[in-house]
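Participant: Just to be clear, the model below is a prediction. Sequence and coordinates:
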Amino acid sequence: MVKHGRVGRAWRHLWCDERTVARHMTPAVLDAIEQAIADEERVHSAELRFVIEADLDLAQVVAGLTPRQRALDLFASLGVWDTERNTGVLLYVLWADHAAEIVADRGIAARVAQQDWDAVVASMTSAFAAGRYAEGAVDAVRRIGELLAQHFPVAPDALNPDELPNRPTLL
């Protein structure tokens, strides 16, 4: 997370909104992300949810809510934790903070190292900083898919239900 003090963070959250996100995360970019999630979920038995939030409300910012804390809240409230095999993954972007977090359910967290998630986040946020939103997001989804396929491949002839929406959620 970029650190510029509480006032700077509050200012960024006040001026960032859904229109800011929509200028960069166009319908074509959202379509590309959705397709990448669908493609990757064919080769692993986990479920990925991609959420982009423009900003937090001022009370959350003043209280010091971190992107990680918000991601954990959304992991629960959006039911990402509630997949049949405990294999839900949330890729969360907090636009105003230029931050991203990956939260994995306990079935995945036991097998995929935090440094692997951190590398995906670093690559995506670097691409975003360079204005490569579609490339950064799709690459992140594909890299997550590769990690999940290593540990949770789809068994031949196994049912692989799509339990979470593939379309990115904009908050």
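Facilitator: Nice, I can see it.

Participant: Quick check on Arg85: phi, psi?
Facilitator: When read as degrees, to the nearest 10, the backbone of Arg85 gives phi -100, psi 10.

Participant: Could I get the full set of strands for this protein?
Facilitator: In the chain, the segments counted as strands under DSSP state E are 47-53, 88-94, 99-104, 169-170.

Participant: Turn those into a markdown table, columns for mean pLDDT, mean neighbour count and distance to Arg6.
Facilitator: For the C-beta atoms, the positions are set from N, CA and C on the backbone; glycine is no exception. Compiled in a markdown table, those are given as follows (pLDDT from 0 to 100; neighbours: other CB atoms under 10 Å; distance: least, CB to CB, whole Å):
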| stretch | mean pLDDT | mean neighbour count | distance to Arg6 |
| --- | --- | --- | --- |
| strand 47-53 | 97 | 24 | 19 |
| strand 88-94 | 97 | 26 | 16 |
| strand 99-104 | 97 | 23 | 15 |
| strand 169-170 | 96 | 16 | 26 |
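
Participant: now those strands in a markdown table, with distance to Asp116?
Facilitator: Output for these, formatted as a markdown table (distance: least, CB to CB, whole Å):
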| stretch | distance to Asp116 |
| --- | --- |
| strand 47-53 | 14 |
| strand 88-94 | 12 |
| strand 99-104 | 9 |
| strand 169-170 | 24 |
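
Participant: just so I know, which of those lies nearest Pro161?
Facilitator: strand 47-53 (8.8 Å; CB to CB).

Participant: quick one: strands adjacent to that closest one?
Facilitator: strand 88-94 (parallel), strand 169-170 (parallel) (DSSP bridges).

Participant: how about these, which one is nearest Val120?
Facilitator: Across these, closest to Val120 is strand 88-94 (CB to CB), at 8.1 Å.

Participant: Quick one: the helices in this structure, in order.
Facilitator: Using DSSP state H, the helices of the chain run over residues 5-15, 18-24, 27-40, 58-62, 67-77, 106-109, 114-129, 133-151.

Participant: got the contact list for the first one?
Facilitator: The list of residues contacting helix 5-15 from outside it, by CB atoms under 8 Å, 6 or more residues apart in numbering, reads His4, Asp55, Leu56, Asp57, Leu58, Val61, Val62, Gly64, Ala96, Asp97.

Participant: Could you rerun that using 7 Å?
Facilitator: Asp55, Leu56, Leu58, Val61, Val62, Ala96 (CB atoms under 7 Å, 6 or more residues apart in numbering).
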